[in-house]
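1. Quick one, fold the following:
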Amino acid sequence: MRWQTPLPRPHHLRIDPGACRALRVRVTWGGGTPEGPSTGSCDGTNGYGPDGKCAAAVTAGFDCSSLVQYAYWPLMQLPRVSADQHAATAQHPVERHALRPGDLVFWHNGERIYHVGLYAGDSEVIHAPRTGKVIARVPLDEAMPKEHYYGATRPLDARREPTDAL
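-> A predicted model of the protein is given here:
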């Protein structure tokens, strides 16, 4: 897949959340930049393969927040980490029944926001689940534990753009 392919209007994202089923790009903890996939890192807990070796350091891909950052760049320069992405867009929350493609959806484990995805429409989300998996479009309630769903925001509203920009 070519990452720089322009999207047909009205989408303003580099990843069309309404069209892709599986992006066939690997997930790598700490990987990804606004320019595209990159190798990641391991931190003692995250980024390891089933064999216990640091898979992220040798696998090019995105993690959840870099995928979102890449999708919006350069239209909107979101921060790199999911909690910071929520903080940057929290002033524009979206009720679950009002979600639209391109909205950001977040999960929280009781201590912190730990995951973000792009709402794709039809109650599905595009997300980077964990190192070793591929970025995929899945049902929103199956992306992460349902009880961890934290909420959603509309990033373009954070730029004071019309809410129908997507």
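2. outside of the longest strand belonging to the chain, which residues touch it?
-> Looking across the chain with DSSP state E, the single longest strand is strand 113-121. Here strand 113-121 makes contact (Cβ atoms under 8 Å, 6 or more residues apart in numbering) with 13, 15, 17-18, 20, 64-65, 67-68, 71, 82-83, 85-86, 99-108, 125-128, 137, 140, 143-144, 148, 150, 152. (Each C-beta comes from the backbone N, C-alpha and C, glycine too.)
3. List the buried residues of that strand.
-> In terms of neighbour count (16 or more other Cβ atoms under 10 Å), strand 113-121 has its buried residues at 113, 114, 115, 116, 117, 118, 119, 120.
4. following that strand, which helix or strand comes up?
-> Remark: after strand 113-121, the chain's next helix or strand is strand 124-127, criterion DSSP states H and E.
5. can you redo the buried residues of strand 113-121 as CSV with distance to residue 28 and pLDDT?
-> Output for these, formatted as CSV (distance: Cβ to Cβ, whole Å; pLDDT from 0 to 100):
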residue, distance to residue 28, pLDDT
113, 20, 97
114, 16, 95
115, 15, 96
116, 16, 97
117, 16, 95
118, 18, 94
119, 23, 94
120, 21, 90
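6. For residue 52, state which of these is nearest.
-> Lowest distance from residue 52 to the buried residues of strand 113-121 (Cβ to Cβ) belongs to residue 114, with 21.5 Å.
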